[in-house]
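Asks: Quick one, structure for this:
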Amino acid sequence: MATTPGILTEWPWTPLGSFKHVVVAPWIIHGTYSYFANDEEDKDLSYFLIFPLILWRFVHNQLWISLSRYRTAKGNGRIVDKSLEFEQVDRERNWDDQILFNSILFYLGSRHLPGASNLPMWRTDGVILTILLHAGPVEFLYYWLHRALHHHFLYSRYHSHHHSSIVTEPITSVIHPFAEHIAYFILFAIPMLTTLFTGTTSVAVYAGYLTYIDFMNNMGHCNFELIPNWLFTIFPPLKYFMYTPSYHSLHHTQFRTNYSLFMPIYDYMYGTMDKSNDSLYDTSLKRGEELPDVLHLTHLTTPESIYYLPLGFVSLASRPHTRTWYLWLMWPLTLWSMMITWIYGRTFVVERHRFHELRLQTWAIPKYTLQYFMKWQSEAINGLIEEAILDAEEKGVKVLSLGLLNQGEELNRYGGLYVQRHPHLKIKVVDGSSLVVAVILNSIPKGTTQVVLRGNLTKVAYAIARALSQKGIQIATLHQTEHLKLTKSLNGTESNLIVAKSYAQKIWLVGDGLTEKEHMRAPKGTLFVPFSQFPPKKLRKDCFYHYTPAMKTPASLENVHSCENWLPRRVMSAWRVAGIVHALEGWKEHECGYTMSNSDKVWQASLVHGFQPLTISTAHTKN
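Replies: Residues are numbered from 1 along each chain as shown. Next up is the predicted model:
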């Protein structure tokens, strides 16, 4: 929102919230029905094609979003290093408003303007006229409109909303109040209406011109430099007729320079070209891939999880992972994305952070959770993880945290397989088990004397049982086989282990393997504390559910603008935090395989570095 919002700031359909897209539904339905139901001579292909154009604009923008976040995470050509935060993501969530606005105007124009129906697919004279009109009147008028918008009266009421984003993303280009978009549409309508009234218009004019505007807008705000220098070397005058991302980035950091739309010629003419334009362009273009100090490895979970990545849908990535109904409608695209990840088969960069002097990155393995339980996939998965570790070693990464990849003993012996194969690794491999155990122990309410331990008996489960037993807390299991395994593991402290004869305990430590039947038999008011990577389903409204092992991140952790799976904003899984703390403390040992660090030591180190425990409100009865 602008600092002093003016009239026509809000979009007309703002009250509709996430249902705003229904405003174009009547025209889409009418256009589709009239094309397929009418006789051949009454079919209007140009009217029908407005809907595919809408879809193309959505896809086009999303491709730029994903590309920009991927490139800026890697570091290649990155322009501005400042942090992108949730506040900006929320402000730019409604980037599609301008597509809806333009679509309504196109539908209305097609029905009511003379000569706007039954357009031909191509007219060369119309294309040429559009190019000339954009390069002349549109660019010139935009320059002076833009300078006017930077006058304090209009800036405070309108344009300051756009300039709230110092670190731009492609969609930043269309984040303006409603009144600004009206002005912009009037400008861009000059070529389109001129070709219409002169009888030279075509489908290609409208689709091509809108695609050009979207392309240039997205490119100019993508925050990485991609225009090669050889273009300007071959044709030096090009610098007057095509801007670069670094050129427009200076407008967002300096505010009083580089006002032109896509053609910088008017900045040269009127003396508003930023003096550092050339140096920033050269510096950004030469900037190589950023080498992280700490690397977090993760993998895709459900088929839809790709949309929740920072490279996916920004509105979904900025919220905890929950089911969204409209993703079911996208199953063809989801299936296609799964095919691509399987075919591509290479680890890719997801996001980057900075914490004090540490550079952090997250890489994703293109495998889904289901594949980790398929034995025939084990070799391929281990190969990808091992390749990532060796790649990180070559890049000089100090610590690698396994995160979701620490799937168990059978797959990779809790990550110990890789250290065994490469005993001379300089990089430290951390599975985070010690911090996970510490988080669980500190999630149990004080005064607890008995807990239920239920779920697959992993390295973490055994460590939790051992720590609880040392504290004198009784551990109840629901199955005799689990009791025997834990008794054997604890070596003489089995007196604290019992097989539950009832379901009276109200503190349940649960992992993968908790059945629905067991879940439903827990008493009212039970607190479920998961020690697994994946949370149990919330089947009970009369019970309480803690988060999976995680900690709140310090405010000094930069560039946090997405949620980690099911966790709230600015909360990081304990497996991931452990890797950061390991690097901050400079510990020289691996923590993987059957080796664990001291839980108390890791917990205290995490608190010292600003990570904080998560709490939930409960009213349960202590045991």
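Asks: Show me what secondary structure element comes after the helix or strand of the chain with the lowest mean pLDDT.
Replies: Ranked by mean pLDDT, DSSP states H and E, the weakest helix or strand in the chain is helix 409-412, scoring a mean of 76. Moving toward the C-terminus from helix 409-412, the first helix or strand encountered (DSSP states H and E) is helix 416-421.
Asks: Same question for that following helix: list its buried residues.
Replies: The neighbour-count criterion (16 or more other CB atoms under 10 Å) identifies 416-419 as the buried residues of helix 416-421. Any C-beta I mention is one placed from the backbone N, CA and C, and that applies to glycine too.
Asks: again with stretch 256-272
Replies: 257-267, 272.
Asks: Ramachandran angles for the residue positioned nearest the centre of the chain?
Replies: Centroid check for the chain by CA atoms, centre = their mean gives Pro310 as the closest residue, at 1.5 Å. In terms of degrees, to the nearest 10, the main-chain angles of Pro310 are phi -60, psi -20.
Asks: For the least confident helix or strand of the chain, name the packing helices and strands.
Replies: Other helices and strands packing on helix 409-412, by 3 or more CB pairs under 8 Å, 6 or more residues apart in numbering; DSSP states H and E, are helix 378-395.
Asks: Can you mark which positions in the helix it packs on are buried?
Replies: Residues 378, 381-382, 384-385, 388-389, 392-393 are the ones in helix 378-395 that count as buried (16+ other CB under 10 Å).
Asks: what about the closest residue in space to Ser202 that isn't next to it in sequence, distance to Gly345?
Replies: By the measure of CB to CB, 6 or more residues apart in numbering, the closest residue to Ser202 outside its immediate chain neighbours is Arg123, 4.2 Å from it. Here Arg123 is placed at a distance of 45 Å from Gly345 (CB to CB, to the nearest Å).
Asks: just to revisit the earlier point, mind putting the buried residues of helix 416-421 in a markdown table, pLDDT and distance to Asp214 included?
Replies: Formatted as a markdown table, the entries for the buried residues of helix 416-421 read as follows, by pLDDT from 0 to 100; distance: CB to CB, whole Å:
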| residue | pLDDT | distance to Asp214 |
| --- | --- | --- |
| Gly416 | 90 | 50 |
| Leu417 | 90 | 47 |
| Tyr418 | 93 | 44 |
| Val419 | 93 | 49 |
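Asks: Identify, from those, the entry nearest to Met572.
Replies: Tyr418 (23.0 Å; CB to CB).
Asks: what about the helix or strand Gly31 falls within, average pLDDT?
Replies: Using DSSP H and E, the element containing Gly31 is helix 25-37. The average pLDDT for helix 25-37 rounds to 94.
Asks: And stretch 314-330, by the same measure?
Replies: Over the span of stretch 314-330, the pLDDT mean works out to 88.
Asks: Stretch 174-183 now?
Replies: The predicted model assigns stretch 174-183 a mean pLDDT of 97.
Asks: what's the answer for stretch 268-288, then?
Replies: Mean per-residue pLDDT for stretch 268-288: 96.
Asks: Okay, buried residues for that stretch please.
Replies: For stretch 268-288, the neighbour count (16+ other CB under 10 Å) marks 272-274, 277, 280-281, 284-285, 287 as buried.
Asks: isn't Leu425 right next to Glu386, touching?
Replies: No: applying CB atoms under 8 Å, one finds Leu425 not in contact with Glu386, separated by 10.8 Å.
Asks: which neighbours do these two share?
Replies: Shared contacts of Leu425 and Glu386, defined by CB atoms under 8 Å, 6 or more residues apart in numbering, comprise Tyr418.
Asks: And the helices in the stretch 101-250 of the chain?
Replies: Remark: helices assigned in the stretch 101-250 of the chain by DSSP state H, counting those that start in this stretch are 124-133, 139-149, 152-157, 178-197, 203-220, 229-234, 245-254.
Asks: For Leu497, grab phi and psi.
Replies: With angles defined as degrees, to the nearest 10, Leu497 sits at phi -110, psi 130.
Asks: returning to that earlier point: more neighbours, Arg123 and Gly345?
Replies: When neighbours are counted by other CB atoms under 10 Å, Arg123 comes out ahead of the other of Arg123 and Gly345, with 19 against 13.
Asks: who touches the more buried one in this structure?
Replies: 195, 200-202, 204-205.
Asks: Adding secondary structure and distance to His162 as columns, could you present the buried residues of stretch 256-272 in a markdown table?
Replies: As requested, those are exported to a markdown table (DSSP: H, G, I helix; E, B strand; the rest coil; distance: CB to CB, whole Å):
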| residue | secondary structure | distance to His162 |
| --- | --- | --- |
| Thr257 | coil | 16 |
| Asn258 | coil | 14 |
| Tyr259 | coil | 13 |
| Ser260 | coil | 16 |
| Leu261 | coil | 14 |
| Phe262 | coil | 16 |
| Met263 | coil | 20 |
| Pro264 | coil | 19 |
| Ile265 | helix | 22 |
| Tyr266 | helix | 19 |
| Asp267 | helix | 18 |
| Thr272 | coil | 18 |
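Asks: Kindly indicate which of those residues lies nearest Ile464.
Replies: For those, the nearest to Ile464 is Asn258 (57.6 Å; CB to CB).
Asks: From Arg91, how far off is the closest residue to the closest one other than its chain neighbours?
Replies: Among residues not flanking Asn258 along the chain, His251 sits closest, at 4.1 Å (CB to CB, 6+ apart). Taking CB to CB as the criterion, His251 is separated from Arg91 by 18 Å.
Asks: who's more crowded, these two?
Replies: Set side by side, His251 and Arg91 show more neighbours around His251, with 23 against 16, by other CB under 10 Å.
Asks: so what's that one scoring on pLDDT?
Replies: Model confidence at His251, expressed as pLDDT, equals 97.
Asks: who's in contact with it?
Replies: Neighbouring residues of His251 by CB under 8 Å, 6+ apart: 257-259, 274.
Asks: what's the most distant pair in these?
Replies: Tyr259 and Asp274 (10.2 Å).
Asks: anything in contact with each of the two?
Replies: With the criterion set as CB under 8 Å, 6+ apart, the overlap between the contacts of Tyr259 and Asp274 is 251, 267.
Asks: Tell me who's in contact with Tyr35.
Replies: When the contact criterion is CB under 8 Å, 6+ apart, the partners of Tyr35 are 43-45, 47-48.
Asks: so, if you compare these, which one comes nearest to His150?
Replies: Proximity of the contacts of Tyr35 to His150 was ranked by CB to CB; the top entry is Tyr47 with 39.1 Å.
Asks: Next secondary structure element downstream of the one helix or strand Trp336 maps to?
Replies: Here Trp336 is covered by helix 331-344, with elements defined by DSSP H and E. Using DSSP H and E, the helix or strand that follows helix 331-344 in sequence is strand 348-355.
Asks: Below-threshold pLDDT in this protein: ranges please.
Replies: Confidence mapping of the chain against pLDDT under 70 gives the ranges 1, 405-409, 492-495, 618-623.
Asks: quick check: domain ranges of it?
Replies: Following the TED database, the chain resolves into domains at 14-228, 294-431+562-613, 444-546.
Asks: a markdown table please, covering those and showing distance to Thr4.
Replies: Output for those, formatted as a markdown table (distance: least, CB to CB, whole Å):
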| stretch | distance to Thr4 |
| --- | --- |
| domain 14-228 | 5 |
| domain 294-431+562-613 | 27 |
| domain 444-546 | 44 |
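Asks: quick one: the longest helix anywhere in the chain to chain centroid distance?
Replies: Taking DSSP state H as the assignment, the helix of the chain that covers the most residues is helix 50-74. Here helix 50-74 is found 13 Å from its chain centre; the criterion is CA atoms, centre = their mean, to the nearest Å.
Asks: Help me confirm that Arg570 comes into contact with Ser562.
Replies: No: Arg570 is not in contact with Ser562 according to CB under 8 Å; the separation is 10.3 Å.
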